[in-house]
Structure formats: structure tokens, C-alpha cells
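Trainee: give the three-dimensional model of this entry:
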Amino acid sequence: MNLKDKLQDDTLDLSMSDLQEVPVKDIAAVRKASHLDLSNNRLVSLPRTFVTLTHIVKLDLSKNQLTELPENFGDMRQLKYLDLYSNQISRLPLSLAELKNLKWLDLKGNPLSPGVASVAGLCSNSKECQACARKVVAYLTDVKRSIDEEKQRRIEAVAAVGSEKDTAPVKKDAKKKKKKSENKDNKSRVDKENAGGPKPEQQKTNGHTATSKLKSRMKSSSGSALETDGTTARLCKNLVRLIFWLTALSALVVLAYVTLPLFDKQRSDSISDYLEVQSGQPVKYYQQIGTKYLEKLIDSIILWNDDLQTIARDFYTKYLTPDSSRSDL
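Mentor: Numbers count the residues shown, from 1 in each chain. Reported below is the predicted structural model:
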């Protein structure tokens, strides 16, 4: 395809070209094109290099099969007009908040989350599409700010815990130094008292006293060691219990979240939208996968049950049901 033949004034018209991928390098070479029309194609996704088309001011991606936009889409800061009508987009990247020059946005015909859909509005005319651009950028800016503040709080909390750990060894060293100095003072005082030389009776008494002190110290040290081992064992046991219950609780929460669409689809979508906004992750996609596997598991259990019933029925008929000859006897 010769793209220069598709260029009219400042508009590069690639609509209805049956495109499955965007020729980014070829489009980047056409620097005169500030309006890019990629509507009515078969595009499923855009490459990350798409944002290198920084000279594009007006972009038409309507009537494709796009499921999402690249996470770095906000790098196209010169973009003023964006048409995403009739695609399969359910979530918008947070970087879209960087498009401060965006004046026109159409999101009709997309399975948007309720939160984004309520902000975007109907966009049934030019005025509403202009309001859609302004409100969506402001909404994503607030969401991005909330996420950044939460990350900052977590970083500060981790830093505070680290500083406490750093100061603990310093305090221990100070205590050790103080104890060493006290031991030295006691030793020097004892040396001064024994400078004249102890008497034989005093030597015997001192030797007996030293032996008894040594034995008592050994007993106390062994007792403290046993006590320390018992405390460590209890701590390990409680830690294992805590990990077990946390794992079990997490499994129950995940199971409840996966099974929720089977009972209350509307509430499940609301919870998924909230989690996607707070975490920035495709939570609904993960839920759909989990629900699909759960349904397969339920179907498999039903099939296994039917097979077991058939096997049991055949076994009973073949081996346990009395035949006609036995009944005659």
C-alpha cells in the first residue's frame, strides 16, 4: 500500500482497508498527515509503538474490534479529537488523563464499565462529545491521583518500618557497651579489694562461693534456653495457624467472588468496576476466567455423577439382581 496515494491535504484516509495491524512506521513517514482515519477495519489491538505518531491531532478508530488501548496511549499529548465509536473497549488506560488537549471524544457502542459510562454520557451530538472528553480526562485524573496517593502512603509506611528496624541494632549496641563498662568497673573494684592477697580461709570461701555461683549461672542459663525454645515453638505454631487461616479465607473470598456472577450479575459487575478502578488491573477479565472454569468443573461433576449412576445401575443389574433360574429354585 502506497500511503501517499491515501493522503488528501492533511488527512490520511486508511478506512475500509481491511487492516488487521496498523502500519506505524509507514504512517510515521507521512509527517504532513495530522488527521488519521482508521475506521471500518478489523483492528483488535494497537501496538505500543502507536504512540510514536505524535503528529496526529485527529484520530478516528471507530467501527473496529478494539478491546483496549495501549497503557502508554497518554503519550499522544497533541491529540484533540478521538473517535472510538463501536468497538469492544471496556476499560480505559489511566494514562489517558495526560491528554489535556483532548476536546472531542466518542465512546458510544462500547461495553464500558458503569463508572466510565456514567461519566462519558450519551455523546449523541458534538456538544456532548466535547463534554465527554472533558469529563473522562478529569475522572481518570482523579483516579490516577488516588492511586498515586495510596502508593505514596504504602511507601511511607514501609520506610517507617525500615527506620524502626535500623534503630533497633543501635540501641542494642548501646546497651552492650554500657554492660561492658559496668563489668569492667566491677572487675577493677574486685582487683583493688584483693590487692593485699586473700587469706587461705578466704581463698577457700571464695572458691566455694565461685563454684556455687557458676553452678547457679549454668542452671539459670539452661532454664532460660528451655524457656526460649518453648516460646519459639509457640510462635512458630501460631504463625502456621495464621497462614493456614489466611489462605483458607483468601480461597473462600476468591470462590465467592468467582461464583457471584452466577447469582447476582449486576452486583458482581459493580464490585469488579470498583476493584478495576482501585487496582488498575483487569479484575473482570480474571473473574470471567474463574467463572468459566467453575462452570466447566460443575459440568464435569454432573457428567461424572451421571456416569457413576450408569455404572452402578449396570453393576446391580448384572451381578446383584437374581436371575430367573435362581428364583425358580
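Trainee: dump whatever helix or strand residue 26 lives in to PDB, keeping only the CA atoms.
Mentor: Assigned by DSSP states H and E, residue 26 belongs to helix 24-29. In PDB, the C-alpha atoms belonging to helix 24-29 read as follows (Å, rounded to 0.1, in the frame of the first residue of the first chain):
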ATOM      1  CA  VAL A  24       3.000   2.500  12.300                       C
ATOM      2  CA  LYS A  25       6.400   3.000  10.500                       C
ATOM      3  CA  ASP A  26       4.700   3.900   7.200                       C
ATOM      4  CA  ILE A  27       2.300   6.300   8.800                       C
ATOM      5  CA  ALA A  28       5.100   8.000  10.800                       C
ATOM      6  CA  ALA A  29       6.900   8.700   7.500                       C
END
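Trainee: so for that helix, what's the average pLDDT?
Mentor: Mean pLDDT, helix 24-29: 95.
Trainee: who does the next helix-or-strand element following that helix pair up with?
Mentor: Scanning forward in sequence from helix 24-29 by DSSP H and E, the next helix or strand is strand 35-37. Here strand 35-37 has these sheet partners by DSSP bridges: strand 11-13 (parallel), strand 58-60 (parallel).
Trainee: show me the contact partners of strand 35-37.
Mentor: Outside strand 35-37, the residues that touch it by C-beta atoms under 8 Å, 6 or more residues apart in numbering are 10-15, 27, 53, 56-60. Quick note: C-beta positions are derived from backbone N, CA and C, even for glycine.
Trainee: thinking again about what came up before, tell me the most buried of the strands paired with strand 35-37?
Mentor: Burial of the strands paired with strand 35-37 is given as mean neighbour count (mean count of other C-beta atoms under 10 Å); strand 58-60 ranks first at a mean of 20.
Trainee: what's the first helix or strand after it?
Mentor: Assigned by DSSP H and E, the successor of strand 58-60 is strand 81-83.
Trainee: packing partners of whatever helix or strand comes next after that next one?
Mentor: Downstream of strand 81-83, the first helix or strand assigned by DSSP H and E is strand 104-106. If contacts are counted by 3 or more C-beta pairs under 8 Å, 6 or more residues apart in numbering; DSSP states H and E, strand 104-106 sits against strand 81-83, helix 126-193.
Trainee: now the last one: average pLDDT?
Mentor: The average pLDDT within helix 126-193 is 84.
Trainee: what helices or strands is it leaning on?
Mentor: strand 104-106, helix 114-120, helix 265-279.
Trainee: residue 180 is nearest to which of these?
Mentor: Minimum separation from residue 180 across the helices and strands packed on helix 126-193 (C-beta to C-beta) falls at helix 265-279, 52.3 Å.
Trainee: residues touching the closest one, excluding its own?
Mentor: Helix 265-279 has contacts (C-beta under 8 Å, 6+ apart) with 91, 113-115, 143, 146-147, 257, 260-261, 281-284, 287.
Trainee: which of those residues are buried?
Mentor: Buried residues within the contacts of helix 265-279, counting neighbours by 16 or more other C-beta atoms under 10 Å: 91, 113, 115, 143, 257, 260, 261, 283, 284, 287.
Trainee: ok, the third one to residue 287 distance?
Mentor: In this structure, residue 115 lies at 16 Å from residue 287, with C-beta to C-beta, to the nearest Å as the measure.
Trainee: do residue 259 as well
Mentor: 10 Å.
Trainee: now for this structure, the helix or strand with the poorest mean pLDDT.
Mentor: helix 324-328 (a mean of 44; mean pLDDT, DSSP states H and E).
Trainee: quick one: distance of stretch 76-85 to the chain centre.
Mentor: 29 Å (C-alpha atoms, centre = their mean, to the nearest Å).
Trainee: okay, it in PDB with CA atoms only?
Mentor: Once non-C-alpha atoms are left out, stretch 76-85 reads as follows in PDB (Å, rounded to 0.1, in the frame of the first residue of the first chain):
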ATOM      1  CA  MET A  76       0.000  11.300  22.300                       C
ATOM      2  CA  ARG A  77      -0.400  14.600  24.100                       C
ATOM      3  CA  GLN A  78      -1.200  16.600  20.900                       C
ATOM      4  CA  LEU A  79      -4.400  14.600  20.300                       C
ATOM      5  CA  LYS A  80      -7.500  16.800  20.200                       C
ATOM      6  CA  TYR A  81     -10.100  14.500  18.500                       C
ATOM      7  CA  LEU A  82     -10.600  10.800  19.300                       C
ATOM      8  CA  ASP A  83     -13.300   8.700  17.900                       C
ATOM      9  CA  LEU A  84     -13.700   5.200  19.400                       C
ATOM     10  CA  TYR A  85     -17.300   4.600  18.400                       C
END
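Trainee: give the buried residues for that stretch.
Mentor: 76, 79, 80, 81, 82, 83, 84, 85.
Trainee: as JSON lines, the buried ones among the contacts of helix 265-279 with distance to residue 244 would be great.
Mentor: Formatted as JSON lines, the buried ones among the contacts of helix 265-279 follow (distance: C-beta to C-beta, whole Å):
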{"residue": "91", "distance to residue 244": "35"}
{"residue": "113", "distance to residue 244": "36"}
{"residue": "115", "distance to residue 244": "37"}
{"residue": "143", "distance to residue 244": "36"}
{"residue": "257", "distance to residue 244": "21"}
{"residue": "260", "distance to residue 244": "25"}
{"residue": "261", "distance to residue 244": "28"}
{"residue": "283", "distance to residue 244": "26"}
{"residue": "284", "distance to residue 244": "30"}
{"residue": "287", "distance to residue 244": "25"}
